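In: return a 3D structure for these sequence lines:
(one chain, ligands or ions: 2)
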Amino acid sequence: MSPKQISHVIFDMDGLLLDTENFYTIVQKRILAKYNRDFTWELKSKMMGQKALAAAQIAVKELQLEGQLTAEDFLRQREEQLDALFPTTQLLPGAERLVRHLKQHNIPICVATSSHSRHFDSKTTLHKQLFSLFDHIVTGDQIVRGKPAPDAFLTAAGQYKPAPDPQKCLVFEDAPVGMQAAKAAGMWCVMVPAQELVKLDGSCTKGADLVLGSLLEFDPTPWGLPPFP
Ligand SMILES: O=P(O)(O)OC[C@H](O)CO
Ligand SMILES: [Mg+2]
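Out: Residues are numbered from 1 along each chain as shown. Ligands and ions are numbered 1, 2, ... in the order given. Okay, the predicted model is just below:
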């Protein structure tokens, strides 16, 4: 479909706006080392963007840890360590500039994250003012089916009255399952994947409408959005 005329923009959070993915990597590497397992990018690529329990279940299954570690135990151990790290979360390059720019031009903006609301609160500790600019935040605990199901993005769009045409919604995502969720919702998707992920599997971005190295590279104009000054 062309020309693109985006009316609403939906942001993923972890790994897209906020630099939290490294925290998950550090903590999960530490926990899995106790079970003589390596936490690889291949495994991470399957877990990232998922709701917490779904991600934990993937780890246990892929590493054949049944009988040694339950998904719930993995999460409990993960929580203790993540809780100490999340309040220090920093923004990723270009996130603040893009969010403020769209807000300044009255473009409806919201967030659809797989993170549950307690993690959302903790991760945004240093960024409350910026996150107050979003019209609403949809967290993982508000939806039943996690990404790659389209629910998070459809729920986020559905909070606008009237709900926008998905064909006029642009989603920013970092994770393969997130990009798939956006496309399943019938929306446009700009993917900003971690470079490690692309190196591992070039096809992880297949289906995205545009792939960028960072949000700093985004040009709003081809999307019918106002240009940066
Ligand atoms: O990328 P998000 O914001 O949907 O959150 C995903 C998980 O919490 C971490 O991969
Ligand atoms: Mg993400």
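
In: ok, residues contacting the longest helix anywhere in the chain?
Out: Taking DSSP state H as the assignment, the helix of the chain that covers the most residues is helix 71-85. Contact with helix 71-85 is made by 23-24, 26-28, 30-31, 52-53, 56-57, 59-60, 65, 119, 122, as judged by CB atoms under 8 Å, 6 or more residues apart in numbering. To be clear about C-beta, it is placed using only N, CA and C from the backbone, and glycine gets the same treatment.

In: for that helix, buried residues please.
Out: Taking 16 or more other CB atoms under 10 Å as the neighbour-count basis, helix 71-85 is seen to contain the buried residues 71, 74, 75, 77, 78, 81, 82, 85.

In: same question, stretch 28-40
Out: Along stretch 28-40, these residues count as buried under the neighbour rule (16+ other CB under 10 Å): 28, 31, 32, 37, 39.

In: mind checking which of the contacts of helix 71-85 land in helices?
Out: Secondary structure assignment (DSSP H) places 23-24, 26-28, 30-31, 52-53, 56-57, 59-60, 119, 122 from these within helices.

In: what's the most distant pair in these?
Out: Set against one another by CB to CB, the ones in helices among the contacts of helix 71-85 have their most distant pair in 60 and 122, with a gap of 24.2 Å.

In: how about the residues of this structure near ligand 2?
Out: The chain has residues 12, 14, 15, 16, 49, 174, 175 near ligand 2, with proximity defined as CB under 5 Å from the ion.

In: the closest residue to the first one other than its chain neighbours pairs with what?
Out: With CB to CB, 6 or more residues apart in numbering as the measure, residue 173 is the residue that lies nearest to residue 12, at 4.5 Å, once sequence neighbours are left out. For residue 173, the beta-bridge assignment (DSSP bridges) gives partners residue 191.

In: my guess is residue 173 contacts residue 48, does it?
Out: No: the pair formed by residue 173 and residue 48 falls short of the contact definition of CB atoms under 8 Å, at 10.3 Å.

In: more neighbours, those two?
Out: In this view residue 173 and residue 48 are compared by other CB atoms under 10 Å, and residue 173 has more residues nearby, 28 against 24.

In: who's in contact with that one?
Out: In this structure, residue 173 makes contact with 12, 16, 49, 179, 181, 182, 189, 190, 191, 192, 208, judged by CB under 8 Å, 6+ apart.

In: mind listing the strands for this protein?
Out: Per DSSP state E, the chain carries strands over the ranges 8-11, 109-112, 137-138, 169-173, 188-191, 210-211.

In: ok, the closest residue in space to residue 122 that isn't next to it in sequence to residue 206 distance?
Out: With CB to CB, 6+ apart as the measure, residue 86 is the residue that lies nearest to residue 122, at 4.0 Å, once sequence neighbours are left out. Going from residue 86 to residue 206 by CB to CB, to the nearest Å gives 31 Å.

In: tell me which of the two has more neighbours.
Out: In this comparison of residue 86 against residue 206, neighbours counted by other CB under 10 Å, the higher total goes to residue 86 at 20 against 12.
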